[in-house]
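# output the structure for:
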Amino acid sequence: MKILYYDCFAGISGDMNLGALVDVGVDFDRLVESLKKLDLYGYELRRSCREMRGVTGTKIDVIHNDEPDRRKGAYQHKGDFHGRSFTDIKALIQASRLSDGVKKTSIDIFSRIARAEGKIHGADVEEVHFHEVGAVDSIIDIVGAAVCLEILEVDRVMSSPVELGGGFVTCAHGTLPVPAPATLEILRGIPVTKGRAPFELTTPTGAAVLASTVDCFTSEAAFRPLKIGYGVGTRDIEIPNVLRVILGEAEPGRLTDGDNDICLVECNIDDMSPEMLEHVMDRLFDAGAIDVYLTPVIMKKSRPAVVLSAVCEPSRQAEAEEISLQETATLGVRKQRLGRTTLDRDLVTVQTDLGEVRVKRALRGPGRITWKPEYEDCRRIALERGVPLKEVYDAVERTRVASKEEAHEG
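Below you'll find the model as predicted:
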């Protein structure tokens, strides 16, 4: 299992994250070419090697230029995004030529910032107007983070507790205490530390990247480090102002340690239109739930009802609770932390005689691997080729059998 571990002893910002991911192995030219699919103009991405208190790493800077672009709706200069709403930025990302996975991750990161800002300032999420995080720099930092994670193709993202810093920070809303309210709101339910330096060490952008992409926050991750990268910041503090990321490999087999714990958030619903539950489930999945399901039950006075259950990582528990309370008619939720044993698995792409299909593989014992084709890939091929869905599944099975025979002959 391929692991990416964030060691946030000096916090995290958007540019430090990009620098660290490039330093650990993301091809810089590939990142630049991928970001061109965003159709964002008036900037240049530059990479440099920097030393910070004895630690050498990569610094990524967004350099603004006067590149002209007169196409209607094009976004150009840093200032053009000041005051842009979440709806505007979401439209820009959705209209791009980026992959669906990068679009989803990017919008999820922005939506976390929008929800935090909306809650703090009492504004509707879709109409939240960004300031610092609406600038070209942050668009690049956030979309670039999604691109890098797609390039790295890791199976699990983990992080240490997040150092926030201290003191005060000046932003568009004035002088605020560190952590800034938006940063703290984004990191609700996530382990943090504070006071290692009298400056802001974790920005809202950095916090949102972690909250949207990290599967588990722990200081006791067990894996073999293979590559180490450093993203260099700008603060001259007593400790190296760098973000360290580690690419590693977990032993194949079963995960049984406490880092694999999950949370179960549940509520009973008996006075709500069933068609609204699909929206609730979608919101929970968008917030990072591992699974969401409904169980029919009979409540007091023989009233038919359902139990809404959301399974999530501990860092997502607070958000699952909030969505359940906001979006349903329930007056309260139950929550519990559960141990979990999982099989080692990965996602591979196989070439069948009908087309490429992603397949989830699970290791169930020495030499025993099971395959499960991704439904959406199979459905897409069936519609494109005008064949029954079962034929696509049969094509995947033929590929699996052929690969086993080749391995046996080898």
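
# next helix or strand past the helix or strand of the chain with the lowest mean pLDDT?
Of all the helices and strands that make up the chain, strand 254-255 has the lowest average by mean pLDDT, DSSP states H and E, namely a mean of 44. Sequence-wise, the next helix or strand downstream of strand 254-255 (DSSP states H and E) is strand 262-269.

# return the list of helices and strands in contact with that next one.
Using 3 or more C-beta pairs under 8 Å, 6 or more residues apart in numbering; DSSP states H and E as the contact test, the elements touching strand 262-269 are strand 304-312, helix 317-327, strand 334-338. Just so you know, the C-beta spots here come from the backbone N, C-alpha and C atoms, and that holds for glycine as well.

# ok, which of these comes nearest Ala287?
Proximity to Ala287 (C-beta to C-beta) singles out helix 317-327 among those, at 4.8 Å.

# tell me what that closest one is packed against?
Checked by 3+ C-beta pairs under 8 Å, 6+ apart, helix 317-327 has strand 262-269, helix 277-286, strand 304-312 packed alongside it.

# any idea which residue of the protein is furthest from its center?
In the chain, the greatest distance from the average C-alpha position (C-alpha atoms, centre = their mean) is reached by Lys301, at 43.5 Å.

# let me know the pLDDT of that one.
You'll see Lys301 listed with a pLDDT of 89.

# quick check: which element contains Asp61?
Under the criterion of DSSP H and E, Asp61 resides in strand 55-64.

# off-centre distance for that strand?
22 Å (C-alpha atoms, centre = their mean, to the nearest Å).

# pull out the buried residues from it.
Residues 57-60, 62 are the ones in strand 55-64 that count as buried (16 or more other C-beta atoms under 10 Å).

# repeat for stretch 208-227
208-218, 221, 223.

# stretch 19-26 now?
19-24, 26.

# quick one: the residues you listed as TSV, columns for pLDDT and secondary structure too.
Below are the buried residues of stretch 19-26 laid out as TSV (pLDDT from 0 to 100; DSSP: H, G, I helix; E, B strand; the rest coil):
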residue	pLDDT	secondary structure
Gly19	98	helix
Ala20	98	helix
Leu21	98	helix
Val22	98	helix
Asp23	98	helix
Val24	98	coil
Val26	97	coil
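
# picking up where we left off before, columns distance to Met272 and pLDDT on top of the buried residues of strand 55-64, output as CSV?
Formatted as CSV, the buried residues of strand 55-64 follow (distance: C-beta to C-beta, whole Å; pLDDT from 0 to 100):
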residue, distance to Met272, pLDDT
Gly57, 51, 97
Thr58, 51, 98
Lys59, 51, 97
Ile60, 47, 96
Val62, 46, 92
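
# for those residues, which one is nearest Tyr293?
The shortest approach to Tyr293 among the buried residues of strand 55-64 belongs to Ile60, at 41.4 Å (C-beta to C-beta).

# quick check: bridge partners of the closest one?
Beta-bridge pairing of Ile60 under DSSP bridges involves Arg47.

# contacting residues for it?
Counting by C-beta atoms under 8 Å, 6 or more residues apart in numbering, Ile60 makes contact with 15, 18-19, 22, 45-47, 144, 231.

# strands of the stretch 301-410 of the chain, residue ranges please.
304-312, 334-338, 342-343, 345-351, 356-365, 368-373 (DSSP state E, counting those that start in this stretch).

# and the third one, what does it pack onto?
Using 3+ C-beta pairs under 8 Å, 6+ apart as the contact test, the elements touching strand 342-343 are strand 254-255, strand 356-365.

# quick check: mean pLDDT across it?
77.

# mind listing the strands that strand pairs with, and their directions?
Checking strand 342-343 against DSSP bridges gives partners strand 254-255 (antiparallel).

# and for the fourth one?
Applying DSSP bridges, strand 345-351 is found paired with strand 356-365 (antiparallel).

# quick one: the strand it pairs with to strand 368-373, angle?
Put simply, strand 356-365 runs at 150 degrees to strand 368-373, going by axes from the mean of the first three to the mean of the last three C-alpha atoms, to 10 degrees.

# in strand 356-365, what counts as buried?
Buried residues in strand 356-365, counted by 16+ other C-beta under 10 Å: 357-359, 361, 363.

# what does stretch 330-348 give?
Neighbour count says stretch 330-348 has 330, 333, 335, 344 buried, by 16+ other C-beta under 10 Å.

# quick one: end-to-end length of that stretch, please.
For stretch 330-348, the separation between the terminal residues is 40 Å (C-alpha to C-alpha, to the nearest Å).

# what separates that stretch from the chain centre, distance-wise?
17 Å.

# about what we covered before: which ones among the buried residues of stretch 208-227 lie within helices?
Those of the buried residues of stretch 208-227 mapping onto helices are 208-213, per DSSP state H.

# state the pair within the residues you listed that is farthest apart.
Ala208 and Thr213 (9.2 Å).

# any shared contact partners between these two?
Ile109.

# quick one, what contacts the closest residue in space to Ile89 that isn't next to it in sequence?
Take Ile89 and drop its neighbours on the chain: the residue closest to it by C-beta to C-beta, 6 or more residues apart in numbering is Phe110, 5.7 Å away. Contacts for Phe110 were tallied using C-beta under 8 Å, 6+ apart; they are 86, 89-90, 93, 133, 142, 208.

# can you tell me the distance between the two ends of stretch 325-344?
In stretch 325-344, first residue to last residue: 34 Å (C-alpha to C-alpha).

# what residues are up against Gly359?
No, residue 359 isn't Gly; it's Val. With contact taken as C-beta under 8 Å, 6+ apart, Val359 is in contact with 347-350, 371-374, 396, 400.

# do the same with Ser96
Shown in contact with Ser96 (C-beta under 8 Å, 6+ apart): 37-39, 103.

# give me the subset of those lying in strands.
Assignment to strands by DSSP state E places none of these there.

# sorry, back to before: helix or strand: which one has the residue nearest to Ile89?
Using DSSP H and E, Phe110 falls within helix 100-121.

# in that helix, what's buried?
102-119.

# put the alpha carbons of that helix into CSV.
C-alpha atoms of helix 100-121 as CSV (Å, rounded to 0.1, in the frame of the first residue of the first chain):
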residue,chain,number,x,y,z
ASP,A,100,-13.0,14.6,-13.2
GLY,A,101,-11.0,13.5,-10.1
VAL,A,102,-9.0,16.8,-10.0
LYS,A,103,-12.1,18.8,-10.5
LYS,A,104,-13.9,17.0,-7.6
THR,A,105,-10.9,17.4,-5.2
SER,A,106,-10.4,21.0,-6.1
ILE,A,107,-14.0,22.0,-5.6
ASP,A,108,-14.2,20.0,-2.4
ILE,A,109,-11.2,22.0,-1.0
PHE,A,110,-12.8,25.3,-2.0
SER,A,111,-16.1,24.3,-0.6
ARG,A,112,-14.6,23.6,2.8
ILE,A,113,-13.2,27.1,2.8
ALA,A,114,-16.6,28.5,1.6
ARG,A,115,-18.5,26.7,4.3
ALA,A,116,-16.1,27.9,7.0
GLU,A,117,-16.3,31.5,5.8
GLY,A,118,-20.1,31.3,5.4
LYS,A,119,-20.5,30.1,8.9
ILE,A,120,-18.2,32.7,10.4
HIS,A,121,-19.7,35.6,8.5
